[in-house]
Structures are given as C-alpha cells and as structure tokens.
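*Asks:* please find the sequence and the predicted model below.
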Amino acid sequence: MVEIQNTLVSLDLFKVFFCCDLEKCHGMCCVEGDAGAPVTMEEVELLEDAYEMVRDDLSEEAQYQVDTEGVVYPDKDGELVTQIIHGKDCVFVKHEGDCALCAIDSAYRSGHLHWQKPISCALYPVRLSMVGGVVAVNVHKWDICQPARELGKKLQMPVYQFLKEPLIRRFGQAWWNECDLVANELKKAGYLD
C-alpha cells in the first residue's frame, strides 16, 4: 500500500492491467453477484431522479421492484445498494443484444442525464473501504472480468489509467496526478515489472 492524499492505495492499482471488454464479458458485472451496487446516501436522490428518466428502458420486473421497494435496499452488512431482481441483476440494467448495459450510464452518455452512475459502478474493479478512518483503495478480482484483465495486459493499461475519469470524479485531479507520479516512481524503482 502507498499513501496518496490521506488514502491508502493498493499497489494492484498500478500492477493489475484492466480494460473492459464488453464483446467478451457482455456486461456480466451488472447481472452477477449477490447484492446491488453500493451507493452513498447522496446518490439515493440522484438514483430516484435517474429512475424516472430511464424507467421505460428497464424490464417490467425491474420497474415493479423499484416501484414497490424503492431504488435501494440495505444489504446483509447494512450498506445501501441498488435494488436487484432474481437475487442478482441490478434493476438499472438494460439489454442491447446479448450485452447488459447500465441504463443510467447510457442516458448520461446520450446527454439525457447530468449524472453518470453510482461512483462504485464507475470505479469498478476498484472497491473503496474504510481502514481506521482512512479510505482504502483496492482492486477487486472477479472471474467474470478475466477478459478485461487480458485486454488491459494487451494494451498495457493499468487499472489507475483505465479508471482515470472516475478516479478524478471521486478523489480529484490533484489526487490522480499524484497517483500517476507514484506509478512512475514505482516503475523506475522496478516494482511494476
């Protein structure tokens, strides 16, 4: 771990290569797992507003789930997460062919929403946790993301570079600049070979 502006950052952020490969994974991160995506209290209202905009893009089951239970629920650890259906699929998934996409992110990219998606989704495979009152930045390794690791290796793209935009969104430009500086220093010192 290295410290960057009061965060503890796993060396995996610099060592693990990653670049989403939707042609191979088909967006399985949005439809696999045992809970929805972690969200902050501040994001709940944004999710509610986004739901009104993307509701028609969602399945009837997803609409029913949100209409009856709301956009979030507390998971087994008491953390707020997006609602799911079938015990795994995020309610905000829309399908295009054989690919699962985030309806919120799609609406953002087409200019219909001002908010992209929950930061936990934007940051994946990075997961944030608290360690002694300090934010820890770790890389989650999930089997379904093997194509992303393979493409990232082919492109020589470490996680921190792939996630530049969401890392800046979460921590700010100065944090990312320091992250890039640390990566260069680690490479010079031979830690990233």
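*Replies:* Happy to help now that I have it. Residues are numbered from 1 along each chain as shown.
*Asks:* name the element residue 8 belongs to?
*Replies:* In this assignment (DSSP states H and E), residue 8 forms part of strand 7-9.
*Asks:* chain center to that strand: distance?
*Replies:* Offset of strand 7-9 from its chain centre (C-alpha atoms, centre = their mean, to the nearest Å): 17 Å.
*Asks:* just checking: what are the partner strands of it?
*Replies:* Partner strands for strand 7-9, per DSSP bridges, with pairing direction: strand 2-4 (antiparallel), strand 134-139 (parallel).
*Asks:* list the contacts of it.
*Replies:* 1-3, 131, 134-137, 171, 175, 179, 182 (C-beta atoms under 8 Å, 6 or more residues apart in numbering). The way it works is simple: take the backbone N, C-alpha and C, and place the C-beta from them, glycine included.
*Asks:* quick one: buried ones out of those residues?
*Replies:* 2, 137, 171, 175, 179, 182 (16 or more other C-beta atoms under 10 Å).
*Asks:* which of the residues you listed sit farthest apart?
*Replies:* Pairwise distances across those peak at 13.8 Å for 2 and 171 (criterion: C-beta to C-beta).
*Asks:* could you list the low-pLDDT ranges of the protein?
*Replies:* Along the chain, segments meeting pLDDT under 70 span 193.
*Asks:* which residue ranges form the helices in it?
*Replies:* Listed in chain order, the helices of the chain (DSSP state H) span residues 12-15, 22-25, 41-54, 60-69, 103-109, 119-123, 146-155, 159-162, 164-171, 173-188.
*Asks:* can you check which of those gets nearest to residue 80?
*Replies:* Of all these, helix 41-54 sits nearest to residue 80, with 6.8 Å by C-beta to C-beta.
*Asks:* what's the angle from that closest one to helix 60-69?
*Replies:* Counting by axes from the mean of the first three to the mean of the last three C-alpha atoms, to 10 degrees, helix 41-54 lies at 130 degrees to helix 60-69.
*Asks:* by contact count, what packs against helix 41-54?
*Replies:* Using 3 or more C-beta pairs under 8 Å, 6 or more residues apart in numbering; DSSP states H and E as the contact test, the elements touching helix 41-54 are strand 80-82, helix 103-109.
*Asks:* residues touching residue 150, list them.
*Replies:* Residues in contact with residue 150, defined by C-beta under 8 Å, 6+ apart, are residue 21.
*Asks:* and if we set it to 7 Å?
*Replies:* Contacts for residue 150 (C-beta atoms under 7 Å, 6 or more residues apart in numbering) come out as none.
*Asks:* rebuild the strands paired with strand 7-9 as TSV, extending it with distance to residue 40.
*Replies:* Output for those, formatted as TSV (distance: least, C-beta to C-beta, whole Å):
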stretch	distance to residue 40
strand 2-4	21
strand 134-139	12
